[in-house]
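>>> This is a predicted model, with the sequence first.
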Amino acid sequence: MKIAFSTIACPTWTLEEAAAKASVMGYLGVELRSFADHSVEIGSEPFMIAPERIKSVFDDAGVSPLALATSIRYDKAINPPVIGRMCQNEEEGVSDTKAYVDLADRAGIEFVRVFGNHLPAAEPRTWSMRRVSERLKLAAQTARNTEVRVLIENAGSFANSAALLELVEIVDSQWLEVSFNTIASLGTGECPLDGIKALGDRVKVIKIGDMDKDGNPTMLGEGNLPLEKFIDALGETNYTGWIVYEYPKLWLTSDDGRDSSDILTHAADTLYKWMAATPARC
């Protein structure tokens, strides 16, 4: 298992700070949260930096620029259903995906993370599933002829493994892999380990975070989630992919008093301690 962190834990850090501190803390990778439309300000926004610069910064730090984590989704409805197709973009999200894939390819970034996301209750499920799956298939195809892979993350109507697996199997693309968010999975009442097993080797990234009984974020290992047992059980499955730690500092409406460096140093130390207790093959 290889550990990385998401820059939602350090929204004010520059790209250089994120790469350098990741190296010092012992992380092997960094997931870069991105808002290409600048709807949210983040210090390491990759669309504000030349791709060659991103690659050189991470090469110098000896850290992988693991993924571009986007807000792209493929669920926007076409209204009215028939006439609307004449004046609306049936491929909503595909061109945005291509832009991210192109950036990732030039910057040496392995993945581009996207969402499904919601299937509207007022529409027949077959219609909305067809719309999402067709767009996602086209989006995944933008990664052909590159080393980049599109990662679909469980969320919205696809928050549990069964729903996500159905979508992935419909799309059936060699350029599509899975990012599995354990907190989203837990929110559906699913055991995340069962979800990961169901999705099998499609899972390339596993997202973890910790929270208290009221759902507030905590330092890793200090909340109510049995994450040490989860890491131990994950090791026994021979999982060798990425573990990405998320602390949602970007989304907090008020200062929680925790410093990003402290949060991420503690998480790295905790993860390495837990991983040392798993079987040596992991």
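Yep, it's here. Numbers count the residues shown, from 1 in each chain.
>>> Note down every partner strand of the helix or strand hosting Lys207 and its orientation.
Element membership of Lys207 [criterion: DSSP states H and E] is strand 203-208. Neighbouring strands of strand 203-208 in its sheet, by DSSP bridges, are strand 176-181 (parallel), strand 242-245 (parallel).
>>> Minimum distance to Arg53: which of the ones you listed has it?
strand 242-245 (22.7 Å; C-beta to C-beta). From N, CA and C alone the C-beta is placed, and that goes for glycine too.
>>> pLDDT on the closest one, on average?
The average pLDDT within strand 242-245 is 98.
>>> what's the answer for stretch 197-206, then?
97.
>>> buried residues in it?
Ala198, Leu199, Arg202, Val203, Lys204, Val205, Ile206 (16 or more other C-beta atoms under 10 Å).
>>> Return the member of those residues nearest to Cys10.
Using C-beta to C-beta, these come closest to Cys10 at Val205, 18.4 Å.
>>> Who is that closest one paired with across the strands?
Ser179, Trp242.
>>> so where's the stretch 151-282 of the chain uncertain?
278-282 (pLDDT under 70).
>>> how does it look with 90?
238, 253, 255, 277-282 (pLDDT under 90).
>>> which strands and helices sit next to the helix or strand just after the strand holding Lys207?
On the C-terminal side of strand 203-208, the nearest following helix or strand under DSSP H and E is helix 227-236. Here helix 227-236 touches helix 192-199, strand 203-208, helix 260-276, going by 3 or more C-beta pairs under 8 Å, 6 or more residues apart in numbering; DSSP states H and E.
>>> TSV for those, including distance to Leu167?
Below are these laid out as TSV (distance: least, C-beta to C-beta, whole Å):
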stretch	distance to Leu167
helix 192-199	11
strand 203-208	14
helix 260-276	30
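>>> Of all those, which one comes closest to Gly215?
strand 203-208 (15.3 Å).
>>> ok, back up a step: make TSV from the strands paired with strand 203-208 and add distance to Asn154 to it.
TSV is the format used below for the strands paired with strand 203-208 (distance: least, C-beta to C-beta, whole Å):
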stretch	distance to Asn154
strand 176-181	5
strand 242-245	13
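>>> Make TSV from the ones you listed and add mean neighbour count and distance to Arg135 to it.
Converted to TSV, the strands paired with strand 203-208 look like this (neighbours: other C-beta atoms under 10 Å; distance: least, C-beta to C-beta, whole Å):
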stretch	mean neighbour count	distance to Arg135
strand 176-181	24	12
strand 242-245	24	25
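>>> Minimum distance to Ile49: which of these has it?
strand 242-245 (20.5 Å).
>>> Show me how far that closest one is from its chain's centre.
9 Å (C-alpha atoms, centre = their mean, to the nearest Å).
>>> repeat for stretch 65-73
6 Å.
>>> count of neighbours near Phe35?
16 (other C-beta atoms under 10 Å).
>>> who are the neighbours in contact with it?
Applying C-beta atoms under 8 Å, 6 or more residues apart in numbering, one finds that Phe35 lies in contact with Glu41, Ile42, Glu45, Ser71.
>>> Recalculate using a threshold of 10 Å.
Shown in contact with Phe35 (C-beta atoms under 10 Å, 6 or more residues apart in numbering): Glu41, Ile42, Glu45, Pro46, Phe47, Ala69, Thr70, Ser71, Leu250.
>>> Gly29 too?
Gly29 neighbours (C-beta under 10 Å, 6+ apart): 2-5, 22, 58, 63-67, 110-111, 205, 242-244.
>>> how about 6 Å then?
Gly29 makes contact with Ala4, Ser64, Leu66, according to C-beta atoms under 6 Å, 6 or more residues apart in numbering.
>>> Any chance of the backbone angles for it?
Geometry field for Gly29 lists phi and psi as phi -150, psi 170, criterion degrees, to the nearest 10.
>>> which residues does it form a beta bridge with?
Applying DSSP bridges, one finds that Gly29 bridges with Ala4, Ser64.
>>> Could you tell me the model confidence score at it?
pLDDT, Gly29: 98.
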